[in-house]
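Student: Sequence isn't available, so here's the structure alone:
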C-alpha cells in the first residue's frame, strides 16, 4: 500500500534521513522505532509532504513525493502529529468536523461512531479543544484524522505523556481501526506496545533503517535492541 | 447634549468605516504574519473604481461591482505576488507590499490624474436623515452606517456559523495541520486576502465620496489603519473593532472640543501658568495626532494591544 524508497529528508539545513526504504501492506500495523533524533517523526512528515524530501514515496501505486500535503491527504493518507495540533479555540465537535475532507461524501467513520468509541469526547463535544486533557486531546486528534476516511494513517507517538489507562485505550483504538481496514504506520516510543500490536517493525538509527522484521525477530535480536533502542 | 450625540454618531460612523478597512488587514496579518503596507491601496482602488463605474453605469451598479473587482485584484496580488515573495522571507514580503503601495499611487495618477476626482454622493442619498436639536444628520452617513453594520454582521456570521468560517479560523492557528487534513490552505489564504481587499474596497466605495477621492487618500488613511491594528492587538478581529470605534469616537470628539491643554489641566485641579505655545494648543489641533499618541502609549504600556494574543 505504501512503498518508500531511498527517502532523504531535511529538517532546516540538516540532513535527517539518509535513504530510508520501508513498506506498509494493506491492513497492516507497522511500527517505526528508534531513539530520539533518529528521524522517525521526520520520516512521517516527509511522507506526508510536510518536510523537504527527496526519493520515492508510492501510495496505492501512485508516486506522491513532491505533492502538496492536502493533495496527499485527498489520496487517502492521514496524519496524526506528535504535538496533536488541536485547534484550541474550536470546540471538540468543530475539531472533528474539520477532519472531514468532503462533507458531501461521508466516509466509513462518522461522528456518532467516534463518540461511541470515545464517549468522553461526546461529553465534551461543546468544550474548546484547548482545555482538554492530554489524553482527551490525543483521542480527539486520532478521531479527527479518521473523520477524513483515510486508508492509511501515519501516527506519531500517540501514547507520549499519557496515563497507563489512556495508553491502553489508544492501543485499543489503533487495533479497532485496523479491524476496519485502515493500515497504520506508527512511530512509538514504548517498545512493549509496538511489539504487541504491530505485524512488522523497522528500527531507525542515524537516519537509516537498521532493522526490519517481525516482533518475534526483534524480541530475539538483543543486539539491535541494545544498540539502537535501549537508553 | 446635542454636541455629544452628534459627535457620537459621527464618531461611530467613522469608526465603523475604519474597521472595514482594518478588519481585512488584521485577518491577513494573523494569517501571514506580516503587515500588508498596500492594504490602504485597496481602499483607494475601491474609491476610484466606484468613481469610474458610477460615471459609466451609475452609483448602484458601481456600489455592487467595485468591491468584488477589488477583491479579484487582491486575489491576483496574493497569488502571483505575495506568495512568490513569501518564499524569500518576511523582509521580501514587506518590501513587496511597500512597492505595491507606491505602484498603486502612480497607476492611479496615470489613469485618473493627480487632481481630486468628482466622485459624489448620489442624489438619491442626499439630504437630511433627521435633525437633532439644530444639527442635521445626513442620509449618506446613515447609509454608511447601515452598510458597515450589515457587512460586519455578515462577516461575523460567516466566520461563526459556516464551514468556510471554521476552516479559516483553524487555518489561522495551525495551517500545517489543516493541510494534512486535506484542506488547500494556500487557496484559503488567497480567499481571505481577497475578502480583506474587497472589504477595504467597499470602505473606499462608501468613503471615497463622503470624504475625497484623490491619489493621496491611501497615504492619508494608511497610518491610521496600522494604529488601529496595533492598538487593537495584532491579529485580533474584536480588538480591531474596539480600537476602530475608540479612535473614531475619540478623534471626532477632539475635533469638536475647543479647549486648550491649560483648560484640561484646570479641569483636573491643576493650574498651569505657562505661556508656551504647546500649552495653548487646543484639543482640536491635537486631534490628528491623537491616534499616534494612543499607539505609542499602547506600545509602551500594553505591547500586545487591547486584545491581541501576542506582542
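Tutor: Now that the structure is in, tell me what you want to look at. Keep in mind that what you see is a predicted model, and the values were worked out from it rather than measured.
Student: Just give the number of residues close to the residue in chain B positioned nearest to chain A.
Tutor: Nearest to chain A, among the residues of chain B, is residue B:182, at 3.5 Å (CB to the nearest CB). Using the backbone N, CA and C atoms, a C-beta is placed for each residue, glycine as well. When counting by other CB atoms under 10 Å in any protein chain shown, one arrives at 26 neighbours for residue B:182.
Student: again, but for residue B:292
Tutor: Using other CB under 10 Å: residue B:292 sits among 13 other residues.
Student: With residue A:216 instead?
Tutor: 9.
Student: near chain B, which residues of chain A show up?
Tutor: Applying CB under 8 Å from any CB of the partner chain, we find that chain A lies next to chain B at A:48-50, A:68-70, A:73-74, A:78-79, A:81, A:85, A:87-90, A:94, A:97-99, A:101, A:103, A:144-145, A:148.
Student: OK, contacts around the residue of chain B closest to chain A?
Tutor: Counting by CB atoms under 8 Å, 6 or more residues apart in numbering or on different chains, residue B:182 makes contact with A:70, A:73, A:74, A:101, A:148.
Student: In contact with residue B:281, which residues?
Tutor: Counting by CB under 8 Å, 6+ apart, residue B:281 makes contact with B:260, B:261.
Student: Next one: it relative to residue B:259, how far apart?
Tutor: Computed with CB to CB, to the nearest Å, the distance linking residue B:281 and residue B:259 is 10 Å.
Student: and for those two, which residues touch both?
Tutor: Both residue B:281 and residue B:259 lack any common contacting residue under the criterion CB under 8 Å, 6+ apart.
Student: hang on, isn't residue B:230 packed against residue B:296?
Tutor: No. At 9.6 Å, residue B:230 and residue B:296 do not qualify as touching, with contact defined as CB atoms under 8 Å.
Student: Looking at these two, which has the bigger crowd around it?
Tutor: In this comparison of residue B:230 against residue B:296, neighbours counted by other CB under 10 Å, the higher total goes to residue B:230 at 24 against 13.
Student: A helix includes the more buried one, no?
Tutor: Yes. The assignment for residue B:230 by DSSP: H, G, I helix; E, B strand; the rest coil puts it in a helix.
Student: Read off the pLDDT value for it.
Tutor: Reported pLDDT at residue B:230 in the predicted model: 86.
Student: Now for the residue nearest to residue B:237 when sequence neighbours are not counted: which residues touch it?
Tutor: Here the nearest residue to residue B:237 in space, its sequence neighbours aside, is residue B:26; by CB to CB, 6 or more residues apart in numbering or on different chains that works out to 5.5 Å. Applying CB under 8 Å, 6+ apart to residue B:26 gives the contacts B:229, B:232, B:234, B:235, B:236, B:237, B:239, B:240.
Student: which of those residues has the weakest pLDDT?
Tutor: In terms of pLDDT, residue B:235 ranks lowest among the contacts of residue B:26, with 73.
Student: Residue A:228 reaches residue A:210, doesn't it?
Tutor: Yes. Counting by CB under 8 Å, residue A:228 sits close enough to residue A:210 to count as a contact (5.5 Å).
Student: Give me the common contacts of the two.
Tutor: Where contact means CB under 8 Å, 6+ apart, the residues bridging residue A:228 and residue A:210 through contact with each are A:203, A:204.
Student: for chain A, what spans make up the helices?
Tutor: Assignment of helices within chain A using DSSP state H yields the ranges A:40-48, A:69-74, A:92-97, A:111-117, A:119-123, A:134-146, A:164-179, A:191-197, A:215-220, A:222-224.
Student: which helices and strands does the third one pack with?
Tutor: Using 3 or more CB pairs under 8 Å, 6 or more residues apart in numbering or on different chains; DSSP states H and E as the contact criterion, the neighbours of helix A:92-97 among helices and strands are helix A:111-117, helix A:134-146, helix B:163-173.
Student: And what about the residue of chain B closest to chain A, helix, strand or coil?
Tutor: Under the three-state scheme (three-state DSSP), the conformation of residue B:182 reads as coil.
Student: burial measure for residue A:145, as a count.
Tutor: Taking other CB under 10 Å as the neighbour definition, residue A:145 ends up with a count of 28.
Student: And the contacts of the one helix or strand residue B:146 maps to?
Tutor: Taking DSSP states H and E as the criterion, the element that holds residue B:146 is helix B:139-161. With contacts defined as CB under 8 Å, 6+ apart, helix B:139-161 is touched by B:9-10, B:12-13, B:16-17, B:19-20, B:23, B:121, B:125-129, B:164-165, B:168-169, B:199, B:202, B:206-207, B:209-210, B:237, B:241.
Student: quick revisit: export the helices and strands packed on helix A:92-97 to JSON lines and tack on mean pLDDT and distance to residue A:173?
Tutor: Output for the helices and strands packed on helix A:92-97, formatted as JSON lines (pLDDT from 0 to 100; distance: least, CB to CB, whole Å):
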{"stretch": "helix A:111-117", "mean pLDDT": "87", "distance to residue A:173": "6"}
{"stretch": "helix A:134-146", "mean pLDDT": "91", "distance to residue A:173": "6"}
{"stretch": "helix B:163-173", "mean pLDDT": "88", "distance to residue A:173": "23"}
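Student: Need the ones you listed in CSV (columns: distance to residue A:31).
Tutor: Listed next are the helices and strands packed on helix A:92-97 as CSV, based on distance: least, CB to CB, whole Å:
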stretch, distance to residue A:31
helix A:111-117, 22
helix A:134-146, 16
helix B:163-173, 30
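Student: The residue located most distally from the centre of chain B: what's it in contact with?
Tutor: Seen from the C-alpha centroid of chain B, the residue lying at the greatest distance (CA atoms, centre = their mean) is residue B:273, 40.2 Å away. Residues in contact with residue B:273, defined by CB under 8 Å, 6+ apart, are absent; none qualify.
Student: if I look at it, how far off is residue B:51?
Tutor: As defined by CB to CB, residue B:273 lies at a distance of 52 Å from residue B:51.
Student: hmm, back to that, of all the helices of chain A, which gets the most neighbours per residue?
Tutor: helix A:40-48 (a mean of 26; mean count of other CB atoms under 10 Å in any protein chain shown).
Student: for the record, mean pLDDT for that helix?
Tutor: The pLDDT scores in helix A:40-48 average 92.
Student: Quick one: residues in contact with that helix.
Tutor: With contacts defined as CB under 8 Å, 6+ apart, helix A:40-48 is touched by A:2, A:4, A:7, A:9, A:11, A:16-17, A:20, A:32-34, A:51-53, A:57, A:69, A:72-73, A:77, A:79, A:82, A:154, A:156-157, A:185, A:187, A:204, B:180.
Student: And the strands in chain B?
Tutor: Along chain B, the stretches classed as strands by DSSP state E are B:128-132, B:135-138.
Student: Low-confidence stretches in chain B?
Tutor: B:274-275, B:309-311 (pLDDT under 70).
Student: Chain A contacts on that one?
Tutor: Contact residues, chain B versus chain A (CB under 8 Å from any CB): B:163, B:166-167, B:169-170, B:173-174, B:176-185.
Student: Could you rerun that using 6 Å?
Tutor: Counting by CB under 6 Å from any CB of the partner chain, the positions of chain B adjacent to chain A are B:166, B:170, B:173, B:174, B:177, B:179, B:180, B:181, B:182, B:183, B:184.
Student: if I pick the closest residue to the third one other than its chain neighbours, what's in contact with it?
Tutor: Take residue B:173 and drop its neighbours on the chain: the residue closest to it by CB to CB, 6+ apart is residue A:87, 5.6 Å away. Neighbour list for residue A:87: A:95, A:129, B:170, B:173 [criterion: CB atoms under 6 Å, 6 or more residues apart in numbering or on different chains].
Student: For PyMOL, write a command that selects the buried ones of the residues of chain B next to chain A.
Tutor: Paste this into PyMOL to select the buried members of the residues of chain B next to chain A, with burial taken from 16 or more other CB atoms under 10 Å in any protein chain shown:
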select buried, chain B and resi 166+170+173+174+177+179+180+181+182+183+184
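Student: tell me which of the residues of chain B next to chain A is nearest to residue A:181?
Tutor: Proximity of the residues of chain B next to chain A to residue A:181 was ranked by CB to CB; the top entry is residue B:182 with 19.0 Å.
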